[in-house]
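[1] Structure for this input, please:
(2 chains)
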There are 2 protein chains.
Amino acid sequence: MAPTPTTYKRVVLSSRPSPTKLLDPAVFSLRHEPFPSPPGNGELLIKVLYLSLDPAMRSWINPSGSYMAPVPLGGTMRSFGLGVIISSDEGCKLKKGDRVQGFFGWTEYALSPEKAATLLAPPPPGAELLDYLGPLGPTGLTAYFGLTDIGQLKKGETLVVTGAAGATGSIVCQLGKLWGAKVFGIAGGTEKCQWLERECGVEMAFDYKTEGWREEFKRVAGRFDVLFDNVGGKMLDFLLTRMNKRARIAVCGGISDYNSRPKGLTNYLALINARARMEGFLIMDYAPRFAEGTRELARMLSRGELRRKFHVLKGVESAPEGLGMLFSGQNTGKLVVQVGEETERGKL
Amino acid sequence: MAPTPTTYKRVVLSSRPSPTKLLDPAVFSLRHEPFPSPPGNGELLIKVLYLSLDPAMRSWINPSGSYMAPVPLGGTMRSFGLGVIISSDEGCKLKKGDRVQGFFGWTEYALSPEKAATLLAPPPPGAELLDYLGPLGPTGLTAYFGLTDIGQLKKGETLVVTGAAGATGSIVCQLGKLWGAKVFGIAGGTEKCQWLERECGVEMAFDYKTEGWREEFKRVAGRFDVLFDNVGGKMLDFLLTRMNKRARIAVCGGISDYNSRPKGLTNYLALINARARMEGFLIMDYAPRFAEGTRELARMLSRGELRRKFHVLKGVESAPEGLGMLFSGQNTGKLVVQVGEETERGKL
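    As a prediction, this is how the structure comes out:
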């Protein structure tokens, strides 16, 4: 067993970024801290294994916050992650060696109240631990409930997905295909588009970085019944002109507008003629139905029906630059940071 | 009985307006025509009594049309109206003296297929003929179904209505109040705001022409559960920042954007944090439920529960200038044109 370290690293928010400027990684600082004291009443000491980097995290550091209170200055940057318990207060049900998920933040070790951690079952057949940050985690559940509950996708309909090669988008594409829709993706770059067409079941992927993609979209995809939108801004504004009657737009995110003053939607009146709907949602509202979603997604994984790609960065100190990669589209697949490793003995 | 006239007047669309410029009444021309020939097979000859002027008509003359094909150049301007039958083909069920409604257009007389006209019942107690262009017509039904089906207003919720002193808006305010909501209106000018507060049951009406109305809105109205929006543009963009969780926005119209390049909605991402919905609708989709809506609205009229104001212009030649009044907010109440009068004898 490795000796207990005497210090650990965490990354804190040291200044607040401008909500309308490209995220500067310098707003975060790396801190070396003395190793945490043993867990107190009802607490767990967790070794963090993986962090999830998600576009929505951008909004957690804006001064106004969003659906969550803003991360305080000097505080560990908030993030969802996976970890293993090193020790737990004796009253806790969770024990050393248990794998857990929760908002542990950008840190190598976290002291967490037991109720803020959720025990992870062993990955189902066909899955691995990391899938809890992909198809079996918030990413997959966002795809699942956004498409079923908000998009209300029906067999035979046309589904358009923006940010289609992203973590959520690529699952949406595949769910749409499995459920009998005609799926079109929009992504940036040839490589991403090829992956979508060859592996993710999309009819055709449009590269928004090429000139004339809108014309090609009109010609080939035509109009949609459901749009699962991760991008917003000008792309969404264009797509508002491509709705079938009674179209549904699931507003999952607007990554093109997260680092700038939003480009306005000028075509919103098209909602009237199309009798169409735009609806926002947050995955945390579906907590009571997570089991349903996870069961379906695990079934697909076990049948080998879901392709997924992880883009793994190493070390907690890589998180600040990593977060920025999401907004320039540099990542290919679900972006995560491997913070620590389980050792063979005692899972520590 | 008055002698049959030898000519009649109609107003045609003589050139197509720019969709992004203020409507110029000169795109319409008055024509003097020889009196129509007797109705042919399955036709009615209708004397038009009243025309309805509605913001949506602006979209009917744009080159691209909208939910209806564009009015052709040289054709009679399309409009909804009320009339009385002068003569009918012998196979028709509708007969001389029957009052009818339909899209008869900007004309003193219309030859119409019988199936394009709907017989009007005698106005219910508390109502008059003109109410078929107000609470008992498309205006009232738009308010009714927009608020119930799209807005899904519930007792105790906060309802905000834009264009609140307009034909539809003022009915929406009153329905909201009758159904137990806390209603706030937004309108232009002191007179309209006073009318809303004194007669239409709104808690408070905000005059968007006064400086600081947004701050007052934030302070007094706070946030809404349902927005019935007739205005769009910058007003809607502001209101997107004032949503309660699970707010519903019924997109009825966007009068501020009908004569210009639309001002974009920059705050659409607020739909995510609020888990809110924006949905467009068209009243014609509710035709199978018109009887339900009309029955409810007639009941309210008979109880004296619905205030309404008509702004009556005289003569079909006043329609082009009249349509423009809607966009500058010069009308007070439902704007109609009285085209003809029923004579005492034989209702002609």
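
[2] Can you name the residues of chain A sitting close to chain B?
    Contact residues (Cβ under 8 Å from any Cβ of the partner chain) of chain A with chain B: A:66-67, A:232, A:236-237, A:251-254, A:257, A:261-282, A:285. Bear in mind the C-beta positions are built from the backbone N, C-alpha and C, glycine included.

[3] Can you flag the buried ones in those?
    Neighbour counting by 16 or more other Cβ atoms under 10 Å in any protein chain shown classes A:66-67, A:232, A:236-237, A:251-254, A:257, A:262-282 among the residues of chain A next to chain B as buried.

[4] For A:P19, which non-adjacent residue is closest in space?
    Spatial nearest neighbour of A:P19, excluding adjacent residues (Cβ to Cβ, 6 or more residues apart in numbering or on different chains): A:N62 at 4.5 Å.

[5] Which residues are in contact with the closest residue to chain B within the stretch 151-300 of chain A?
    Across the stretch 151-300 of chain A, no residue is closer to chain B than A:G264, which sits at 1.8 Å (Cβ to the nearest Cβ). Residues in contact with A:G264, defined by Cβ atoms under 8 Å, 6 or more residues apart in numbering or on different chains, are A:237, B:237, B:263-266, B:268.

[6] Outline the domain layout of chain A.
    Following automatic domain parsing, one gets these domains for chain A: A:7-134+A:309-347, A:138-286+A:294-300.

[7] between those, which gets the lowest average pLDDT?
    Mean pLDDT is lowest for domain A:7-134+A:309-347 among these, at a mean of 93.

[8] Please compute how far it lies from its chain's middle.
    Computed by Cα atoms, centre = their mean, to the nearest Å, the separation of domain A:7-134+A:309-347 from the middle of its chain amounts to 13 Å.

[9] Then stretch A:207-222?
    Relative to where its chain is centred, stretch A:207-222 has its mean C-alpha point 26 Å off (Cα atoms, centre = their mean).

[10] Contacts for that stretch, please.
    A:158, A:160, A:184, A:186-190, A:192-193, A:203-204, A:206, A:235, A:238, A:242.

[11] coming back round to it: show me the buried ones among the residues of chain A next to chain B that map onto strands.
    Residues of these located in strands (DSSP state E): A:251, A:277-280.

[12] I'd like these as CSV, with distance to B:H32 appended.
    Converted to CSV, those look like this (distance: Cβ to Cβ, whole Å):
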residue, distance to B:H32
A:V251, 54
A:R277, 47
A:M278, 48
A:E279, 52
A:G280, 55
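
[13] hmm, back to that, what's the local residue count around the residue nearest to A:P19?
    16 (other Cβ atoms under 10 Å in any protein chain shown).

[14] Surely it is in a strand?
    No - if the criterion is DSSP: H, G, I helix; E, B strand; the rest coil, then A:N62 is coil and not within a strand.

[15] Tell me who's in contact with it.
    By Cβ under 8 Å, 6+ apart, the contact set of A:N62 is A:16-17, A:19, A:70.

[16] now the residues you listed: which count as buried?
    By 16+ other Cβ under 10 Å, the contacts of A:N62 give A:17, A:19, A:70 as buried.

[17] A:M77 is in contact with the last one, correct?
    I take that to be A:P70. No - in this structure A:P70 lies outside contact range of A:M77 using Cβ atoms under 8 Å: 11.3 Å.

[18] Quick check: closest non-adjacent residue to A:S170.
    In space, A:S170 is closest to A:C200, 5.5 Å off (Cβ to Cβ, 6+ apart).

[19] just A:C173 next, same as before
    A:C173 sits nearest to A:C200 (Cβ to Cβ, 6+ apart), 4.5 Å away.

[20] I figured the one you found hits A:R308, correct?
    No - the pair A:C200 / A:R308 is not scored as a contact, 9.5 Å apart, by Cβ under 8 Å.

[21] Looking at those two, which is more packed in?
    A:C200 (25 against 22).

[22] residues in contact with the more buried one?
    Applying Cβ under 8 Å, 6+ apart, we find A:C200 in contact with A:164, A:170, A:173-174, A:177, A:185, A:307.

[23] Just to be sure, A:R246 is in a helix?
    No - counting by three-state DSSP, A:R246 is not part of a helix but strand.

[24] list the contacts for it?
    A:R246 touches A:225, A:274-277, counting by Cβ under 8 Å, 6+ apart.

[25] okay if I get the residues you listed as CSV plus distance to B:T139?
    Shown next, in CSV, are those (distance: Cβ to Cβ, whole Å):
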residue, distance to B:T139
A:D225, 31
A:A274, 22
A:R275, 19
A:A276, 23
A:R277, 23
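
[26] which two in those residues are spaced the farthest apart?
    Maximum pairwise distance in these, criterion Cβ to Cβ, is 12.2 Å, between A:D225 and A:R275.

[27] quick one on the thing from earlier: which residues are common contacts for A:C200 and A:R308?
    Common neighbours of A:C200 and A:R308 (Cβ under 8 Å, 6+ apart) are A:S170.

[28] Can you give the distance from stretch A:247-262 to the centre of its chain?
    With Cα atoms, centre = their mean, you get 14 Å for stretch A:247-262.

[29] Between the two ends of it, what distance do you get?
    In stretch A:247-262, first residue to last residue: 23 Å (Cα to Cα, to the nearest Å).

[30] Which pair of the contacts of A:G264 spans the longest distance?
    Longest span within these, Cβ to Cβ: A:D237 and B:D237, 13.6 Å.

[31] which residue packs closest to the residue of the stretch 151-300 of chain A closest to chain B, ignoring adjacent ones?
    B:G264 is the one closest to A:G264 (Cβ to Cβ, 6+ apart), at 1.8 Å.

[32] quick one, phi psi at the one you found?
    Backbone torsions of B:G264, given as degrees, to the nearest 10, read phi -70, psi 160.

[33] if I look at it, how far off is A:V251?
    Distance, B:G264 to A:V251, by Cβ to Cβ, to the nearest Å: 15 Å.

[34] Contacts for the strand or helix carrying A:L335 next, please.
    Under the criterion of DSSP states H and E, A:L335 resides in strand A:334-338. Defining contact as Cβ under 8 Å, 6+ apart, one finds that strand A:334-338 is touched by A:49-53, A:106, A:130, A:133-134, A:139, A:166-167, A:308-316, A:318-319, A:322, A:325-326.

[35] 7 Å - rerun?
    A:50-53, A:130, A:133-134, A:139, A:167, A:308-314, A:316, A:318-319, A:322, A:325-326 (Cβ atoms under 7 Å, 6 or more residues apart in numbering or on different chains).

[36] Quick check: PyMOL command selecting the buried ones in these.
    Burial among the contacts of strand A:334-338 is assessed by 16+ other Cβ under 10 Å; the matching PyMOL selection reads:
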select buried, chain A and resi 50+51+52+53+130+133+134+139+167+308+309+310+311+313+316+318+319+322+325+326
